[in-house]
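Participant: Okay, structure incoming, though there's no sequence with it:
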């Protein structure tokens, strides 16, 4: 039985990916900062562990309990929508600590085992906001674009060792906590120049019409990356993500 470890499983993409892999008969190690077993399916193949990707000790403890892993899905992260002029330095640091350096820390913990066994799959979940410039998500976009660049180089480094590496790029999803998690970091509604732009952004986050990405789309894209040896490096997840990637190419 193959084993997948997924970070950031408390909601949205991570939670749906857990469900899909369990349905497919895999052993799933579902991790989150504060475990909530009641939100996950009941299964003998499910292990729920606490994991904070910004804490090296937490990573070491989780991997020690998880045992041998075949597929790593780096999904943990958070967003913030703030004008560059107004973003708090602490918020900018947290975005890179979690989204970029947290991914790097997980890779450095997992890769030695993959390299030694000459097998394994790494899947980094980023975002289609990296494909074109957008207002208000600049630092979030930069943190995810850094993961894209890191992953592209990692794919080259790992190829000689039989380790596959992929990027899954979701589009805009009304089914995630991105908007809610971003709101505490919001700045600029009291600024007459930025207020219209920010209000428009909030409305778009809440709009579930038109092409969007569903959590199930991301789970299917991750499944493809994990199981298809011919899957491309970059895999869009969601109807809007497919459109954006086509436009970017």
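Facilitator: Yep, it's here. Just so it is clear, the model here is predicted, and its values are computed rather than measured.
Participant: so what pLDDT did the residue positioned nearest the centre of the chain get?
Facilitator: The centroid of the chain falls nearest to residue 75 when counting by CA atoms, centre = their mean (2.8 Å). Among the per-residue scores, residue 75 shows a pLDDT of 97.
Participant: surely it meets residue 11?
Facilitator: No - taking contacts as CB atoms under 8 Å, residue 75 lies outside contact range of residue 11: 10.5 Å. No exception for glycine: its C-beta is placed from N, CA and C like everyone else's.
Participant: Kindly check the end-to-end length of stretch 205-220 for me.
Facilitator: 23 Å (CA to CA, to the nearest Å).
Participant: just stretch 174-192 next, same as before
Facilitator: First residue to last in stretch 174-192 (CA to CA) measures 27 Å.
Participant: Count residues in the vicinity of the spatially closest residue to residue 229 that is not a sequence neighbour, would you?
Facilitator: Take residue 229 and drop its neighbours on the chain: the residue closest to it by CB to CB, 6 or more residues apart in numbering is residue 164, 6.8 Å away. By other CB atoms under 10 Å, 21 other residues sit near residue 164.
Participant: Residue most distant from the centroid, this structure?
Facilitator: residue 192 (33.7 Å).
Participant: mind listing the strands in the protein by residue range?
Facilitator: 3-6, 27-32, 46-50, 71-74, 121-125, 164-170, 234-237 (DSSP state E).
Participant: Quick check: pLDDT value at the residue nearest to residue 229.
Facilitator: 98.
Participant: Kindly report the same for the one 5 residues further on.
Facilitator: Residue 169 is assigned 98 on the pLDDT scale.
Participant: Against residue 41, how distant is it?
Facilitator: 26 Å (CB to CB, to the nearest Å).
Participant: Pick out whichever of the two has more residues nearby.
Facilitator: Set side by side, residue 169 and residue 41 show more neighbours around residue 169, with 27 against 14, by other CB under 10 Å.
Participant: and the more buried one, what does it touch?
Facilitator: Applying CB atoms under 8 Å, 6 or more residues apart in numbering to residue 169 gives the contacts 126-128, 130-131, 234-237, 241, 245.
Participant: which of those lies closest to residue 3?
Facilitator: residue 235 (21.0 Å; CB to CB).
Participant: Can you name the residues that contact that closest one?
Facilitator: Counted by CB under 8 Å, 6+ apart, residue 235 has contacts 166-169, 221, 224-225.
Participant: what bridges to it?
Facilitator: residue 168 (DSSP bridges).
Participant: And stretch 147-158, how far out from the chain middle?
Facilitator: 15 Å (CA atoms, centre = their mean, to the nearest Å).
Participant: How much space separates the nearest residue to residue 87 once chain neighbours are set aside from residue 171?
Facilitator: Leaving aside its chain neighbours, residue 87 sits nearest to residue 139 (5.7 Å; criterion: CB to CB, 6+ apart). As for residue 139, its distance to residue 171 is 19 Å (criterion: CB to CB).
Participant: swap in residue 100?
Facilitator: If you measure residue 100 against residue 171 using CB to CB, the figure is 20 Å.
Participant: who's more crowded, those two?
Facilitator: When residue 100 and residue 171 are compared for neighbours, residue 171 comes out ahead with 24 against 19, by other CB under 10 Å.
Participant: Dihedrals phi and psi, that one?
Facilitator: phi -100, psi -160 (degrees, to the nearest 10).
Participant: which residues does it contact?
Facilitator: Applying CB under 8 Å, 6+ apart, we find residue 171 in contact with 128, 211-213, 236-241, 244.
Participant: I'd like those as CSV, with distance to residue 110 and neighbour count appended.
Facilitator: Formatted as CSV, those follow (distance: CB to CB, whole Å; neighbours: other CB atoms under 10 Å):
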residue, distance to residue 110, neighbour count
128, 25, 25
211, 34, 13
212, 31, 18
213, 26, 26
236, 24, 24
237, 22, 29
238, 26, 24
239, 31, 15
240, 30, 19
241, 26, 26
244, 29, 22
